[in-house]
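Enquirer: build me a model:
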Amino acid sequence: MMFTQGQFRFFVGLVCICFSMVARAERPEFRAFWVDAFHPGFKSPAQVTQLIADVRAAHCNAIIVEVRKRGDTYYNSKIEPLAAEITPGFDPLADLIAKAHDTSKGQRLEVHAWIVAYPVWDNKTVGAPPKHPYSLHRDWLTKNDTGEMWDGTAYAFDPGHPGVQNYLYDVCLEIISRYDIDGFQFDHIRYDNNSFGYNDTTVARFNAQFGRTGQPPKLDKDWLQFRRDQVTALVRKVYLNAIALKPQIKISAACNSRAPGVTTIAQWPKSAAYSSTLQDWRAWLEEGMIDAVMPMTYFREEKWAGAWQAWTTFEKDYSYHRKVVIGPGLYLNNVSNALAQIHSTRVPSAKGNLPYGVALYCYSELSAEKIAREKFFQALTESSSFGRYPVFPMAVPVPPLPWKTQPTKGHLKGFAYDATGRPLDGAKITIYGPIERTVLTDATGFYGAVDLPPGKYDVSAAFGSSEMPTPAQVEIKAGKVATKLLAIGK
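Expert: Model prediction:
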């Protein structure tokens, strides 16, 4: 067969396009399903076996599984009660890890344990069991500026209460220390909206730090930032202690990304995440106090294509020296649009940036059309009738994280106390050596600094008019977390 010059160029171009698509599809990337606890998926050995087979069939390489729903657990906990629908003696998380890491039947799958952080009870008319955290710690609940505790869907613990910060830290570290998970993910690590956060203890802490009295207005600049800092403090504390225990574990968060979307840093303060739910996940990435954020970019393509485009551009361009995983909402879209959104995550931004991968929400609701699971997986992995080439034509590995596999910086954590051993809330910690950094202690007296160049540092603490007479010395080593306890008045 003879081609004209124009036909030949078209043919070569088509081959190049196809080759580019295949090459792009074959590159290592994070591919996950979120698996929620409100539906079947991992609540029996048979469900776990099916889940593993399905994720492998979809050519994905990770499972993000909801192991703490509303103060109840899908693992054996010494802190919180087992979820009511789980048969005593069965540990869903342990079974999932064992089967996901077993390569005798396919690729090893990463398991990321997902917890809902602050919402703790979601029934306004029926109370929780006596040993449930909602029943045990009613004084920890948040309320809004009018005194209402119910946020429309749940009662939640207040991020600024010291008891909540200690308690949730213990919940997180119990999972991280006892289970061979590859990752740990925060969800609902935020306020419902900026009218919440008015627990009496939290307001008293704010007033003590800022020399105020009474109830701060909900849009007061200092009060808004104080509440953002409470959420950030828990993430930082868990991150540093988790990687001190298990350096290779991946700490992530499922984060807000609501319409209309932003594309630049200048627009970030107007985002709902920053201004309403007080979740400054962009700053978490910039500081390096989290390995990845997974923005819940749940937009119906027919209505919110612009918001999808704006947010995914932002997500590709502002991962800093950590990673962003884009999270399309499968349940909102027909299969063709879902595939189109996944495909678009592989298209570089105008600045040439790509995300770490995708997390698909969710395993229990694969499309708005509610097609059979097998048919959906076929659409992901094979040419199909949905008018799209496959997004996952073959299985790929999860890319390594260079700051874990080849670290060049280290970290510092510790507590600051007064002369009686009381943790200091809001103490100023100054760290100086190869670089200088100033941080504040949280409600539990904890402080932390991420990504410090290796070397010797002096660390001092000040609280009000009191300060350490002599700085403490600490050496920072690449890939390690140093610990230094500080005392004022001793």
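Enquirer: distance of residue 325 from residue 380?
Expert: According to CB to CB, to the nearest Å, residue 325 stands 17 Å off from residue 380. (Each C-beta comes from the backbone N, C-alpha and C, glycine too.)
Enquirer: low-scoring pLDDT stretches of this structure, where are they?
Expert: For the chain, residues meeting the criterion pLDDT under 70 lie at 1-25, 384-385, 387-388, 490.
Enquirer: would you state the helices of it in chain order?
Expert: Using DSSP state H, the helices of the chain run over 5-26, 45-57, 92-101, 133-136, 162-178, 200-210, 221-245, 272-275, 281-287, 301-317, 335-344, 373-381, 402-405.
Enquirer: any chance of the ones you listed in TSV, plus mean neighbour count and distance to residue 449?
Expert: Compiled in TSV, the helices of the chain are given as follows (neighbours: other CB atoms under 10 Å; distance: least, CB to CB, whole Å):
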stretch	mean neighbour count	distance to residue 449
helix 5-26	11	38
helix 45-57	18	37
helix 92-101	20	32
helix 133-136	18	31
helix 162-178	18	18
helix 200-210	16	20
helix 221-245	21	9
helix 272-275	19	23
helix 281-287	21	9
helix 301-317	19	26
helix 335-344	21	37
helix 373-381	18	42
helix 402-405	13	15
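Enquirer: ok, which of those comes nearest residue 470?
Expert: Closest approach to residue 470 among the helices of the chain is made by helix 221-245 (24.7 Å; CB to CB).
Enquirer: what's the angle from the closest one to helix 162-178?
Expert: Computed by axes from the mean of the first three to the mean of the last three CA atoms, to 10 degrees, the angle separating helix 221-245 from helix 162-178 equals 20 degrees.
Enquirer: so who does residue 348 touch?
Expert: Going by CB atoms under 8 Å, 6 or more residues apart in numbering, residue 348 touches 316, 354.
Enquirer: measure it to residue 265 for me?
Expert: From residue 348 to residue 265 the distance is 19 Å (CB to CB).
Enquirer: now do residue 445
Expert: From residue 445 across to residue 265, the span is 32 Å (CB to CB).
Enquirer: now do the contacts for residue 94.
Expert: So residue 94 contacts 75-76, 179 (CB under 8 Å, 6+ apart).
Enquirer: mind giving me a markdown table with those and columns for distance to residue 210 and neighbour count?
Expert: Supplementary listing: the contacts of residue 94 in a markdown table, determined by distance: CB to CB, whole Å; neighbours: other CB atoms under 10 Å:
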| residue | distance to residue 210 | neighbour count |
| --- | --- | --- |
| 75 | 40 | 24 |
| 76 | 43 | 17 |
| 179 | 40 | 18 |
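Enquirer: nearest to residue 332 among those residues?
Expert: Closest approach between the contacts of residue 94 and residue 332, by CB to CB: residue 75, at 29.7 Å.
Enquirer: was I right about the closest one contacting residue 67?
Expert: Yes. Using CB atoms under 8 Å, residue 75 is in contact with residue 67, at 5.3 Å.
Enquirer: anything in contact with each of the two?
Expert: Here residue 75 and residue 67 have 92-93, 113, 175 as joint contacts, going by CB under 8 Å, 6+ apart.
Enquirer: and the two most separated of those residues?
Expert: Spanning the widest gap among the shared contacts of residue 75 and residue 67 are 92 and 175, at 12.4 Å by CB to CB.
Enquirer: overlap of the contact sets of the two?
Expert: In contact with both residue 92 and residue 175: 67, 75, using CB under 8 Å, 6+ apart.
Enquirer: report the buried residues of stretch 70-80.
Expert: Buried positions in stretch 70-80, judged by neighbour count with 16 or more other CB atoms under 10 Å: 70-77, 80.
Enquirer: ok, now which ones touch residue 219?
Expert: Going by CB under 8 Å, 6+ apart, residue 219 touches residue 194.
Enquirer: before we move on, what about residue 79?
Expert: With CB under 8 Å, 6+ apart, residue 79 has these contacts: 167, 170-171, 174.
Enquirer: could you do residue 276 as well?
Expert: 191, 193-194.
Enquirer: can I get those in a markdown table with neighbour count and distance to residue 302?
Expert: As requested, those are exported to a markdown table (neighbours: other CB atoms under 10 Å; distance: CB to CB, whole Å):
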| residue | neighbour count | distance to residue 302 |
| --- | --- | --- |
| 191 | 25 | 30 |
| 193 | 16 | 27 |
| 194 | 19 | 30 |
